[in-house]
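Chemist: I would like to see how this sequence folds:
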Amino acid sequence: MDIISNRKETIYRRDFENKTFYSIGIAKKKQDGSYENGYADVVFNKDVVLENKAQIIIKKAWLDFYVKDKKTHLFIRVSEFEKVKEEKKQDGWDSAKNIEIDDDELPFY
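Modeler: Numbers count the residues shown, from 1 in each chain. Here you go, the predicted model:
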(Lines give C-alpha, C1' and ligand atoms only; values in the text may rest on other atoms or scores of the structure.)
Protein backbone atom coordinates (compact mmCIF):
# COMPACT_ATOMS: atom_id res chain seq x y z
CA MET A 1 0.00 0.00 0.00
CA ASP A 2 1.57 3.29 -1.12
CA ILE A 3 1.24 6.42 0.99
CA ILE A 4 1.58 9.90 -0.53
CA SER A 5 0.66 13.09 1.30
CA ASN A 6 -0.52 16.32 -0.30
CA ARG A 7 -0.34 18.30 2.96
CA LYS A 8 2.01 18.98 5.86
CA GLU A 9 2.42 16.08 8.28
CA THR A 10 3.84 16.51 11.78
CA ILE A 11 6.56 14.07 12.81
CA TYR A 12 7.21 13.48 16.51
CA ARG A 13 10.65 12.38 17.72
CA ARG A 14 11.31 10.33 20.85
CA ASP A 15 14.81 9.44 22.06
CA PHE A 16 15.02 6.38 24.30
CA GLU A 17 18.03 4.30 25.36
CA ASN A 18 20.34 5.74 22.68
CA LYS A 19 17.78 5.10 19.92
CA THR A 20 15.53 7.51 18.06
CA PHE A 21 11.91 6.70 17.33
CA TYR A 22 9.52 8.66 15.11
CA SER A 23 5.75 8.76 14.88
CA ILE A 24 3.25 10.70 12.80
CA GLY A 25 0.15 12.43 14.08
CA ILE A 26 -3.06 11.21 12.48
CA ALA A 27 -6.66 12.32 12.96
CA LYS A 28 -10.13 11.37 11.84
CA LYS A 29 -13.45 13.12 12.05
CA LYS A 30 -16.06 11.37 14.17
CA GLN A 31 -19.80 11.30 13.47
CA ASP A 32 -20.46 13.98 16.09
CA GLY A 33 -18.11 16.39 14.24
CA SER A 34 -15.26 16.18 16.74
CA TYR A 35 -11.84 14.81 15.88
CA GLU A 36 -10.05 11.79 17.29
CA ASN A 37 -6.25 11.94 17.28
CA GLY A 38 -3.79 9.07 17.16
CA TYR A 39 -0.21 8.23 16.24
CA ALA A 40 1.49 5.75 13.94
CA ASP A 41 5.14 4.66 14.07
CA VAL A 42 7.31 5.91 11.22
CA VAL A 43 10.67 4.60 9.98
CA PHE A 44 12.97 6.70 7.78
CA ASN A 45 16.17 5.81 5.93
CA LYS A 46 19.20 5.40 8.23
CA ASP A 47 20.75 8.79 7.42
CA VAL A 48 17.59 10.82 8.21
CA VAL A 49 17.54 12.94 11.36
CA LEU A 50 14.53 15.11 12.15
CA GLU A 51 13.78 17.34 15.11
CA ASN A 52 10.65 16.87 17.22
CA LYS A 53 7.50 18.29 15.56
CA ALA A 54 9.19 18.56 12.17
CA GLN A 55 6.77 19.12 9.32
CA ILE A 56 7.16 17.16 6.11
CA ILE A 57 5.28 16.32 2.94
CA ILE A 58 5.48 12.61 2.18
CA LYS A 59 6.49 11.89 -1.42
CA LYS A 60 6.96 8.11 -1.19
CA ALA A 61 6.05 5.78 1.67
CA TRP A 62 4.29 2.49 2.29
CA LEU A 63 2.71 0.49 5.06
CA ASP A 64 5.15 -2.08 6.42
CA PHE A 65 5.25 -4.45 9.38
CA TYR A 66 7.33 -6.73 11.55
CA VAL A 67 6.29 -9.73 13.64
CA LYS A 68 7.36 -10.07 17.27
CA ASP A 69 6.07 -12.75 19.62
CA LYS A 70 3.58 -13.82 16.92
CA LYS A 71 2.04 -10.34 16.89
CA THR A 72 2.09 -8.09 13.80
CA HIS A 73 3.24 -4.48 14.33
CA LEU A 74 2.41 -1.98 11.56
CA PHE A 75 4.43 1.14 10.73
CA ILE A 76 4.89 3.60 7.89
CA ARG A 77 8.21 3.39 6.05
CA VAL A 78 9.06 6.76 4.47
CA SER A 79 11.71 6.71 1.74
CA GLU A 80 11.14 10.15 0.17
CA PHE A 81 9.85 13.34 1.74
CA GLU A 82 10.21 17.08 1.56
CA LYS A 83 10.87 19.04 4.73
CA VAL A 84 8.58 22.05 5.09
CA LYS A 85 10.50 25.25 5.67
CA GLU A 86 9.51 27.23 8.73
CA GLU A 87 7.89 30.58 8.03
CA LYS A 88 9.69 33.42 9.75
CA LYS A 89 7.56 35.70 11.89
CA GLN A 90 8.24 39.27 12.93
CA ASP A 91 7.11 40.36 16.38
CA GLY A 92 4.43 37.67 16.46
CA TRP A 93 2.97 38.68 13.09
CA ASP A 94 3.18 36.61 9.95
CA SER A 95 5.37 38.67 7.61
CA ALA A 96 3.34 37.54 4.58
CA LYS A 97 0.31 39.31 6.04
CA ASN A 98 2.00 42.67 6.64
CA ILE A 99 0.40 45.38 4.58
CA GLU A 100 1.17 49.04 4.13
CA ILE A 101 -1.48 51.65 4.80
CA ASP A 102 -1.23 55.24 3.68
CA ASP A 103 -1.61 57.76 6.55
CA ASP A 104 -4.61 59.31 4.75
CA GLU A 105 -6.48 55.98 5.07
CA LEU A 106 -6.17 55.77 8.87
CA PRO A 107 -9.40 56.32 10.85
CA PHE A 108 -7.80 58.85 13.24
CA TYR A 109 -5.83 62.03 12.80
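Chemist: Return the list of helices and strands in contact with the longest strand seen in the chain.
Modeler: For the chain, the longest strand by residue count, based on DSSP state E, is strand 54-68. Contact partners of strand 54-68 among helices and strands, from 3 or more Cβ pairs under 8 Å, 6 or more residues apart in numbering; DSSP states H and E: strand 2-3, strand 9-16, strand 71-83. (Glycine included, C-beta is placed from N, CA and C.)
Chemist: These: which one's closest to Lys59?
Modeler: Nearest to Lys59, of all the helices and strands packed on strand 54-68, is strand 71-83, at 4.0 Å by Cβ to Cβ.
Chemist: and the closest one, what does it pack onto?
Modeler: Applying 3+ Cβ pairs under 8 Å, 6+ apart, one finds that strand 71-83 makes contact with strand 35-44, strand 54-68.
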